[in-house]
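A.B. asks: Next come a sequence and a model predicted from it.
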Amino acid sequence: MTVDVDTSLMTAAQRHGTLSPERASTLELEQLRLAERNVRPMLYSLPTVGGLVGMFLAAWIEPANLIGWYFLLCLGCVRYWFAEKFLERENLTNDKVQRWHTGLSLGSFAVNAVWVMPHYLYYAQCSETGQMLLFLVACCSLACLVVMVASSTRMMVATLLPLGSAIIIPPMLVGEPLQFGLAGFGLILTLYLTHVAWNIHRGARELFLTREDKNELIERLAGAKFEADKARQRAEAASLAKSEFLANMSHELRTPLNAILGFSDLMHRQTFGPLGAHQYTEYTGHISESGRHLLGLINEVLDLARIESGRVILNPVEIDLGEFTRGALRPFEIAAREKSIRLEQELDKNLPLLHADERATYQILLNLLSNAIKFTPPGGRVTVFAHALPSAELAFGVRDTGMGIDPADIDAVFAGFGRGRYDVSAPGRGAGLGLPIVKGLVEAHGGSVSITSELGRGTTITCRYPRERVSAPQPEPARFAVMH
């Protein structure tokens, strides 16, 4: 999956122009919800704080005048009751979001206007102490409320206009030098809080946009994972069906093939008498040889199907790789001699014993040696090696001086029926099952297979077995060679 970094790192202002109506409505709803959750305590704190302010103002203002103001202030708490209902709503459409946003913003403006009403009505009637009290109350209210509602632009305006004007206009109307100083301070404070509120607004908007991007990415990743899981399940089912098909077909083919081999051998040996023309004897020999080749191919297909289906059964025993490799080399001595290929062993002295399945290990060596001799030109060299590694693992494999494998084809040679691009023209190239079988058998032992190759210089295939498969401690390495 490719992620466009430039798109993912857009600023909020850039993304605002590309928002769909649905996403813009969702963003506006989240911003409004955040502002309303912040001012939720006003339902209870507004009457309490208003009562305390009224008690202080009673020293300069007639209580009868303050009672009307306090009644209007308590009546304004209905606005916060509606806000509670709004926060309980779910799945609001764009039109409803707009109506709620407009209504709550107008309600905030009305409540804030009632809250600063004493500043306009009674500011001049108070002493300097009362005036300072009203000025400080308005400044604190502005600082607190504008931060709480900054996520919503409309709510921010509904707070700044009445509260900001309350700390600027009433002192200016008094006209004294001190009051002009307070008005100037109020103007600076209002402008500064506007700047702070706008920064908070942009930060909240960017946070919501980032969260939506994250949720959208999570949904896309979940969908991609679901599709990948379905594709993997289909691939596994197809691979299992292929393995079952190969196994069943191989069994079906081996039964008549055994009869063909048996009867062709009888005819080739003329067990029940001469066949007549000598060509028949030659033909039966060809039939027998082709049948054995086909039987070997079927056995390889069965082995590969068994490996891919995970039905490999191991019977581990302790194997002396020195004796084991010498026994594995004998069947290839004639073929190597005919091609003038030198067969060598490169084994550590006092090599640890390998705890592995004997038949599987023999098959691994036979496949590696067969490939090496097949793709090594006359006069080349094929070496079987086995080393104890410093990590207490054991590595053995085959190295040749053949045509090599292109690095781009290394993964392909481990796939079933896979071959390197230069294998196609090689004589007796086979079906491409040898290395996949080697890889499967080694991995069944908990090991791994690696290839290092250079075109025209040769190939080295190394099988690494974990330390759990090594039955003796690692000795000091001292190599020797036996040449045939």
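C.D. replies: Thanks, I have it.
A.B. asks: What ranges in the stretch 151-300 of the chain fall below the confidence cut-off?
C.D. replies: Scanning the stretch 151-300 of the chain with the threshold set as pLDDT under 70 gives 242-243, 246-247, 249-251, 254, 293, 295-300.
A.B. asks: Okay, strands next: where are they in the stretch 351-484 of the chain?
C.D. replies: Per DSSP state E, counting those that start in this stretch, the stretch 351-484 of the chain carries strands over the ranges 354-357, 381-388, 394-400, 448-454, 458-465, 479-483.
A.B. asks: Please identify which of these is closest to V147.
C.D. replies: strand 448-454 (60.8 Å; Cβ to Cβ). Any C-beta I mention is one placed from the backbone N, CA and C, and that applies to glycine too.
A.B. asks: can I get the CA coordinates of that closest one in PDB?
C.D. replies: These are the backbone C-alpha positions of strand 448-454, laid out as PDB (Å, rounded to 0.1, in the frame of the first residue of the first chain):
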ATOM      1  CA  SER A 448      17.000 -23.000   6.600                       C
ATOM      2  CA  VAL A 449      18.500 -23.100   3.100                       C
ATOM      3  CA  SER A 450      20.600 -20.300   1.400                       C
ATOM      4  CA  ILE A 451      22.100 -20.000  -2.000                       C
ATOM      5  CA  THR A 452      25.100 -17.900  -3.000                       C
ATOM      6  CA  SER A 453      25.900 -18.000  -6.700                       C
ATOM      7  CA  GLU A 454      27.700 -16.100  -9.500                       C
END
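A.B. asks: Okay, helices next: where are they in the stretch 201-350 of the chain?
C.D. replies: Per DSSP state H, counting those that start in this stretch, the stretch 201-350 of the chain has helices spanning 278-308, 321-329, 333-338. These are given in chain order.
A.B. asks: re earlier: hey, which of the strands of the stretch 351-484 of the chain is tucked in deepest?
C.D. replies: With neighbours taken as mean count of other Cβ atoms under 10 Å, these reach their highest mean count in strand 394-400, at a mean of 24.
A.B. asks: Just checking the distance from that strand to the centre of its chain.
C.D. replies: With Cα atoms, centre = their mean, to the nearest Å as the basis, the distance from the averaged C-alpha position of strand 394-400 to the chain average is 36 Å.
A.B. asks: Check what contacts it and list those residues.
C.D. replies: If you take Cβ atoms under 8 Å, 6 or more residues apart in numbering as the criterion, strand 394-400 is touched by 321, 325, 352, 354, 365, 368-369, 371-373, 375-376, 380-389, 458-465, 469-470.
A.B. asks: Stretch 25-32 too?
C.D. replies: Under the criterion Cβ under 8 Å, 6+ apart, external residues in contact with stretch 25-32 comprise 19, 86, 92-94, 97-98, 100-101, 104, 151-152, 155, 204-205, 208-209, 212.
A.B. asks: Send over stretch 256-268 as CSV, restricted to the C-alpha atoms.
C.D. replies: Presented in CSV, the C-alpha positions along stretch 256-268 are these (Å, rounded to 0.1, in the frame of the first residue of the first chain):
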residue,chain,number,x,y,z
PRO,A,256,-0.3,-48.9,-13.8
LEU,A,257,3.3,-47.7,-14.0
ASN,A,258,4.5,-50.5,-11.7
ALA,A,259,2.8,-53.0,-14.0
ILE,A,260,4.5,-51.4,-17.0
LEU,A,261,7.9,-51.6,-15.4
GLY,A,262,7.4,-55.2,-14.2
PHE,A,263,6.2,-56.5,-17.6
SER,A,264,8.8,-54.5,-19.6
ASP,A,265,11.6,-55.9,-17.4
LEU,A,266,10.3,-59.4,-18.0
MET,A,267,10.1,-58.9,-21.7
HIS,A,268,13.6,-57.2,-21.7
